[in-house]
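Chemist: Structure, please.
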Amino acid sequence: MTPKTILIVDDEKNTREGLSAALEGAYELFLARDAEEAFRLLDSEKFDVVLTDLRMAGKSGLSVIDKALSLPERPVCIMMTAYGNVETAVEAMRRGACDFLPKPVNLEKLEIVIQRALQTRNVVEENKELHRRLDKKFNLAGIIGNSGALTRVVEQVRQVAQARASVLLLGETGTGKELFAQMIHQNSPRASGPFIPVHCAALPENLLESELFGYEKGAFTGAVERRVGRFEAADGGTLFLDEIGEIDAATQVKLLRFLETRTLERLGSQKPVQVDARLVCATNKNLEEMAAKGTFREDLFYRLSVVQIKLPALRERPDDIPLLLSHYLQLFAKENNLRIPSLRPDAQRLLAAYAWPGNIRELRNLCENLVVMRSGAELGEYDLDPRFHAAASTATGSSGESVATAKGPLSREENEKRLLRQALIEAKGNRTKAAALMGISRRTLHRKLVEWPDLDV
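Modeler: Coordinates of the predicted model:
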């Protein structure tokens with residue numbers, strides 16, 4: 001592992017050399033006798049730590065801190081001085097120093113301070129990297145698809161992300177409601193705060209209230225200590241409540257009170273707690289209909305749905321299916337270090353015509369299965385699961401016309417093509433088996449496929 005680099009800046013030769021002797025071996029050390037020499041080293045080298053004296057001939061150590069912290073990759077700065085006082089320490093920390101040591105420096109304490117500073121720097125860098133990855137992952141420009149239905153949703157998310165208003169995401173299961181909730185958070189002024197997701201249907205009714213609002217020690221049997229709820233954990237960020245239609249009446253009342261006052265009370269306490277958390281909710285149910293029936297509070301429904309965003313089902317954006325297939329096949333191939341399977345045009349046509357009742361989640365699962373089970377293979381329509389063919393057969397006749405709306409009975413040729421297609425599906429493209437199922441010779445089957453090339457594998 002590459003040793004950390006430290007720049008020691010002091011106009012006293014004995015101090016420079018003494019600190020160097022104490023730290024050599026564990027770090028890569030650079031020495032500067034004044035601020036000007038430190039500036040030249042900061043411009044030419046990359047440092048993890050800058051350890052500088054305050055009072056020196058020429059410019060002071062504060063100017064060294066200013067220079068170090070103006071760099072793109074900022075080192076941690078530690079100030080040391082024989083003229084230590086509260087005002088000096090405050091000024092050094094205000095400039096961005098992470099710690100302050102009096103001279104003569106206690107070498108054991110110096111080592112502890114350096115290690116602690118480096119650990120803090122590592123945490124900061126890890127957080128920056130995490131936010132960079134999150135920004136990239138949940139960047140609205142990175143949405144897969146360009147259909148009109150999706151474009152409208154993206155524009156709505158872009159607008160609402162900058163506001164404080166509560167958002168209600170509507171849509172079928174698998175349409176990506178949590179993904180869009182996180183995009184709202186990541187593209188908002190709260191992006192540096194926490195994003196706390198809660199699946200309301202996954203928590204038992206008797207636990208949901210305590211999970212959301214927290215509790216005090218002794219609030220109920222088993223409450224041996226105070227616990228902060230999900231709302232408080234989301235302070236300064238976003239709380240995402242999925243399947244909001246599943247919450248019980250008591251929790252609905254407390255949720256309404258929070259939206260009205262921005263305060264909550266932990267179970268077992270009457271002391272209000274102020275919380276600054278934005279609420280984004282999601283459901284696949286019709287809350288307006290539930291409110292009319294009295295199974296969901298009408299006043300809460302209106303509070304939650306200041307902004308409603310309806311996410312389109314995958315069948316409503318068929319133009320995006322090829323893009324999504326390509327994206328997820330590449331993604332899972334990279335994750336599993338496997339070759340990407342390729343989809344022939346007939347397979348792509350079949351998948352584009354499929355209704356995708358499980359939406360994006362179902363498509364992702366298909367792509368992962370194809371990558372794992374058929375790595376590098378070229379796949380035609382008969383290589384796909386029979387459910388795709390069954391759906392296509394139910395929806396359309398061989399010519400693509402809806403069976404329900406076809407005029408008059410199917411012709412003999414159309415019936416024969418349908419039977420032949422079904423035989424090829426059951427035989428998974430094996431012509432010999434398909435011919436046997438049809439009760440014809442393989443030569444006859446070959447002649448039929450030449451006549452009807454759209455049925456061939």
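Chemist: how does this structure divide into domains?
Modeler: 5-133, 144-312, 317-455 (automatic domain parsing).
Chemist: Let me see the mean pLDDT of the first one.
Modeler: Same thing as domain 5-133. Averaging pLDDT along domain 5-133 gives 84.
Chemist: go on, stretch 224-231?
Modeler: 87.
Chemist: Export the domains of the chain as a markdown table, with columns for mean neighbour count.
Modeler: In this view, the C-beta of every residue, glycine as well, is placed from N, C-alpha and C. Formatted as a markdown table, these follow (neighbours: other Cβ atoms under 10 Å):
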| stretch | mean neighbour count |
| --- | --- |
| domain 5-133 | 16 |
| domain 144-312 | 17 |
| domain 317-455 | 16 |
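Chemist: check contacts around residue 330.
Modeler: residue 340 (Cβ atoms under 8 Å, 6 or more residues apart in numbering).
Chemist: Wasn't it part of a helix?
Modeler: Yes: according to DSSP: H, G, I helix; E, B strand; the rest coil, residue 330 belongs to a helix.
Chemist: how close does it get to residue 221?
Modeler: 52 Å (Cβ to Cβ, to the nearest Å).
Chemist: repeat for residue 60
Modeler: 62 Å.
Chemist: Equivalent analysis for residue 178, please.
Modeler: Distance, residue 178 to residue 221, using Cβ to Cβ: 33 Å.
Chemist: tell me the SS of residue 20?
Modeler: On the basis of three-state DSSP, residue 20 is classed as helix.
Chemist: all strands for the stretch 201-350 of the chain, in order.
Modeler: For the stretch 201-350 of the chain, the strands defined by DSSP state E, counting those that start in this stretch cover 238-242, 263-264, 273-274, 278-283, 307-310, 342-343.
Chemist: would you turn the ones you listed into TSV with distance to residue 202?
Modeler: Rendered in TSV, the data for those read as follows (distance: least, Cβ to Cβ, whole Å):
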stretch	distance to residue 202
strand 238-242	9
strand 263-264	21
strand 273-274	25
strand 278-283	13
strand 307-310	23
strand 342-343	35
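Chemist: Ok, which of these comes nearest residue 165?
Modeler: strand 307-310 (5.4 Å; Cβ to Cβ).
Chemist: Partner strands of that closest one, with direction?
Modeler: If you go by DSSP bridges, strand 307-310 pairs up with strand 167-170 (parallel).
Chemist: avg pLDDT for the strand it pairs with?
Modeler: Averaging pLDDT along strand 167-170 gives 96.
Chemist: Point out where the stretch 351-457 of the chain drops to low pLDDT.
Modeler: For the stretch 351-457 of the chain, the stretches with pLDDT under 70 are 390-415, 453-457.
Chemist: which residue ranges form the helices in it?
Modeler: Listed in chain order, the helices of the stretch 351-457 of the chain (DSSP state H, counting those that start in this stretch) span 359-373, 386-395, 412-426, 431-438, 442-451.
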